[in-house]
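Novice: fold the following.
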Amino acid sequence: MPDWKPFAILDESLLRNTIERGSLSDLTKRRLATYVWSAVDAGADAIVVTCSTLGPAVDAIAPLCPVPLFRIDEGMAKAAVEHGKRIGVLATLSTTLMPTVELLKRQACEAGKDVAIVDVLVQGAFQLLAGGDVEAHDAQIRQALEELSQQADVVVLAQASMARAVRATGHSLSVLTSPVLGVENVKRRLEQR
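Specialist: Residues are numbered from 1 along each chain as shown. Model (predicted):
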């Protein structure tokens, strides 16, 4: 999107508080809405929320937002529904797993497709990554992917932080991640406006 100039508003406490609480609170949703309106006030013509855990808050805020507001994982979910009937979901945070599964169900319903979703929480992997042990994190993701590949036509990685772990796996299985597919979805939808 060469004609677009990005700027970022970052508050890692939104994710941290959600992880500590175990769910997305109304306070966190309100705080995200404040950031969305700050982006609008700063001149944003479109906004992308890049944290999948916050997806349900984006869904709640979008109807009120005066500019297009996107979830980064929407393009990935659409692609997964197009690629297969058996969709695997890998996540390293429980707070991301259910929002991703719900998004996939909604996308399947909108596409008129019947899908089966198998979800796997890779216990401890996020803590390894947060502690700086990237190799151990990536190894856990690859192991979980290997196990899930027997049950799915396509696997989505619920968090962008997981994408690096599967770049060079050589799997014949379709493994989808949110960063590139999310931006492609934003570009396509903005061009349709």
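
Novice: number of nearby residues for the nearest residue to S174 once chain neighbours are set aside?
Specialist: Leaving out its chain neighbours, the residue that sits closest to S174 by CB to CB, 6 or more residues apart in numbering is V154, at 4.2 Å. (Glycine included, C-beta is placed from N, CA and C.) As a burial measure, V154 scores 20 neighbours (other CB atoms under 10 Å).

Novice: who's in contact with the closest residue to A44 other than its chain neighbours?
Specialist: Distances taken as CB to CB, 6+ apart place V67 nearest to A44, at 6.0 Å, with adjacent residues excluded. By CB atoms under 8 Å, 6 or more residues apart in numbering, the contact set of V67 is 40, 44-47.

Novice: before we move on, what about A116?
Specialist: If you count contacts by CB under 8 Å, 6+ apart, then A116 has 85-87 around it.

Novice: try it again with 7 Å
Specialist: Neighbouring residues of A116 by CB atoms under 7 Å, 6 or more residues apart in numbering: 85-86.

Novice: ditto for the one 5 residues further on
Specialist: For L121, the contacting residues are 91, 94, 97, taking CB under 7 Å, 6+ apart as the criterion.

Novice: so which bits of the lowest-mean-pLDDT helix or strand in the chain are buried?
Specialist: Ranked by mean pLDDT, DSSP states H and E, the weakest helix or strand in the chain is strand 174-176, scoring a mean of 90. For strand 174-176, burial by neighbour count (16 or more other CB atoms under 10 Å) applies to 174-176.

Novice: before we move on, what about stretch 80-96?
Specialist: By 16+ other CB under 10 Å, the buried positions in stretch 80-96 come out as 80-81, 84, 87-93, 95-96.

Novice: stretch 178-192 now?
Specialist: Buried positions in stretch 178-192, judged by neighbour count with 16+ other CB under 10 Å: 178-179, 181-183, 185-186.

Novice: any chance you could map the helices in this structure?
Specialist: Here the chain has its helices, by DSSP state H, at 13-21, 26-41, 55-61, 74-83, 94-111, 125-130, 134-148, 178-191.

Novice: can I get the longest one as PDB, trimmed to CA atoms?
Specialist: In other words, helix 94-111. Only the C-alpha atoms of helix 94-111 are listed here, as PDB (Å, rounded to 0.1, in the frame of the first residue of the first chain):
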ATOM      1  CA  SER A  94      -6.100 -18.900  25.900                       C
ATOM      2  CA  THR A  95      -7.300 -15.300  25.500                       C
ATOM      3  CA  THR A  96      -6.600 -15.500  21.800                       C
ATOM      4  CA  LEU A  97      -7.800 -19.100  21.100                       C
ATOM      5  CA  MET A  98     -11.600 -18.500  21.600                       C
ATOM      6  CA  PRO A  99     -11.700 -15.100  19.700                       C
ATOM      7  CA  THR A 100     -10.000 -16.800  16.700                       C
ATOM      8  CA  VAL A 101     -12.400 -19.800  16.800                       C
ATOM      9  CA  GLU A 102     -15.400 -17.500  17.000                       C
ATOM     10  CA  LEU A 103     -14.100 -15.400  14.100                       C
ATOM     11  CA  LEU A 104     -13.600 -18.600  12.000                       C
ATOM     12  CA  LYS A 105     -17.200 -19.700  12.800                       C
ATOM     13  CA  ARG A 106     -18.500 -16.300  11.800                       C
ATOM     14  CA  GLN A 107     -16.600 -16.300   8.500                       C
ATOM     15  CA  ALA A 108     -17.800 -19.800   7.700                       C
ATOM     16  CA  CYS A 109     -21.400 -18.800   8.400                       C
ATOM     17  CA  GLU A 110     -21.000 -15.700   6.200                       C
ATOM     18  CA  ALA A 111     -19.500 -17.800   3.400                       C
END
